[in-house]
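Asker: Generate coordinates for the sequence data below:
(one chain, ligands or ions: 1)
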Amino acid sequence: MNGSAPTLQARGLECVRSDSLLFSDLNFSVKAGQVLQIEGPNGSGKTSLLRILAGLTPPSEGEVLWRGENIARRRPAFLSEVAYLGHQLGLKAELSVEENLRLALALNGVSFTPESLAEILRTVGLTGREDVPARALSAGQRQRVTLARLILSAAKLWILDEPFTALDINGVSLVESLLEAHLNHGGLVVLTSHQTVRIGGGLVKLALA
Ligand SMILES: Nc1ncnc2c1ncn2[C@@H]1O[C@H](COP(=O)(O)OP(=O)(O)OP(=O)(O)O)[C@@H](O)[C@H]1O
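Answerer: Take a look at the predicted model:
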C-alpha cells in the first residue's frame, strides 16, 4: 500500500446514527502536506466522520480510499500508517507515564532508546513526571502523553479529535509545531477543532451542518 502517493479520499460518504442522517454524499481529498479541519456544531457528526476515516466504523454509504485503495479491503496496511487520537485517550490508569509510552510503542512495533524516550518527554513537557501513574495526571498532562505517542508513531496520517482540548497556551503552540513538522515531512492530518488552527499553509476546511 506504499506504492502510490499518500492521499486520503472520501467518496460519497454517508453516516446514519440512531436513525438520523448526519451527513451524506461527502467527497473530499487530502494530500501530503495538508490539514483538513472538520468544523460543525455539537452533534453534527465530526467524531463519527473521523472514526469512519480511521477505519473504526464503516460508513452507511460510500468509501474511504488511502493511496487509492479502499481502506476496508487493505485494513492492516492502512492501520499501519494511521494514528488516531480520540476522546478516549487509551491510557492505562495504573501505569506510569513512561510505562504507558513504552507499552504503546511496543504494541506498535516502534523502536526507541531511553534517550529518545527522554527527549520526547522533554518535548511534550513531561520531564519529571515519568513515574506518575496516568490516573494522577491532569487532563492536559494526559493529553501530552498521547502527543508523545503521536510523535513516536511512524504514522503518515494523523486523525485527531479535538487535539487542543485541555491544553494550556504552551500546549496549543506545541501541537501547532508538531503539526507543522509532520506536514513538512510529507504527513497528512485530519482534525476536528472548535478553534482557529494556526499553521503556515495547507489548511483546508470542511463544514458539517
Ligand atoms: N455509537 C453511536 N450510537 C448512536 N448514536 C451515536 C453514536 N455515536 C454518535 N452518535 C450520535 O451521532 C450524533 C453525532 O455525534 P458525533 O460525536 O459524531 O458529533 P460531533 O460533531 O463530534 O459532536 P461534538 O462537537 O459534540 O463532539 C450525535 O447525536 C450522537 O448522539
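Asker: Just the CA coordinates for the longest helix seen in the chain, please, in CSV.
Answerer: What stands out as the longest helix in the chain, according to DSSP state H, is helix 169-184. Extracted C-alpha coordinates of helix 169-184, given in CSV (Å, rounded to 0.1, in the frame of the first residue of the first chain):
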residue,chain,number,x,y,z
ILE,A,169,-1.2,28.1,25.7
ASN,A,170,2.2,26.3,25.5
GLY,A,171,0.4,23.1,24.8
VAL,A,172,-1.5,24.6,21.9
SER,A,173,1.7,26.0,20.5
LEU,A,174,3.3,22.6,20.9
VAL,A,175,0.5,20.9,18.9
GLU,A,176,0.8,23.5,16.2
SER,A,177,4.6,23.0,15.9
LEU,A,178,4.1,19.2,15.8
LEU,A,179,1.5,19.6,13.0
GLU,A,180,4.0,21.9,11.1
ALA,A,181,6.8,19.3,11.4
HIS,A,182,4.5,16.4,10.4
LEU,A,183,3.4,18.3,7.3
ASN,A,184,6.9,19.3,6.4
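Asker: now residue 206, which residues is it bridged with?
Answerer: Beta-bridge partners recorded for residue 206 (DSSP bridges): residue 38.
Asker: wait, isn't it in contact with residue 34?
Answerer: No. Taking contacts as CB atoms under 8 Å, residue 206 lies outside contact range of residue 34: 11.6 Å. Glycine gets a C-beta too; all of them are placed from N, C-alpha and C.
Asker: quick revisit: mean confidence for the longest helix of the chain?
Answerer: Averaged over helix 169-184, pLDDT sits at 95.
Asker: which of the residues in it are buried?
Answerer: Residues of helix 169-184 classed as buried: 171, 174-176, 178-180, 182-183 (neighbour count, 16 or more other CB atoms under 10 Å).
Asker: Also stretch 106-122?
Answerer: 117, 120-121.
Asker: Make JSON lines from those and add distance to the ligand to it.
Answerer: Converted to JSON lines, the buried residues of stretch 106-122 look like this (distance: CB to the nearest ligand atom, whole Å):
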{"residue": "117", "distance to the ligand": "32"}
{"residue": "120", "distance to the ligand": "28"}
{"residue": "121", "distance to the ligand": "29"}
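Asker: Contact distance from the ligand - what residues of the chain qualify?
Answerer: Within reach of the ligand by CB under 6 Å from any ligand atom, the chain has these residues: 17-18, 22, 40, 42-48.
Asker: In this structure, mark out all the helices, start to finish.
Answerer: All helices of the chain, identified by DSSP H, fall at 46-53, 75-79, 97-107, 114-123, 139-152, 169-184.
Asker: chain center to the first one: distance?
Answerer: Per CA atoms, centre = their mean, to the nearest Å, the displacement of helix 46-53 from the mean C-alpha position of its chain is 11 Å.
Asker: So which elements touch that helix?
Answerer: Contact here means 3 or more CB pairs under 8 Å, 6 or more residues apart in numbering; DSSP states H and E; on that basis helix 46-53 packs against strand 7-17, strand 20-31, strand 35-39, strand 157-161, strand 188-192.
Asker: Look at residue 125 and report its pLDDT.
Answerer: We have a pLDDT of 96 for residue 125.
Asker: Need the phi and psi values for it.
Answerer: In this entry, residue 125 is assigned phi and psi values of phi 80, psi 30 (degrees, to the nearest 10).
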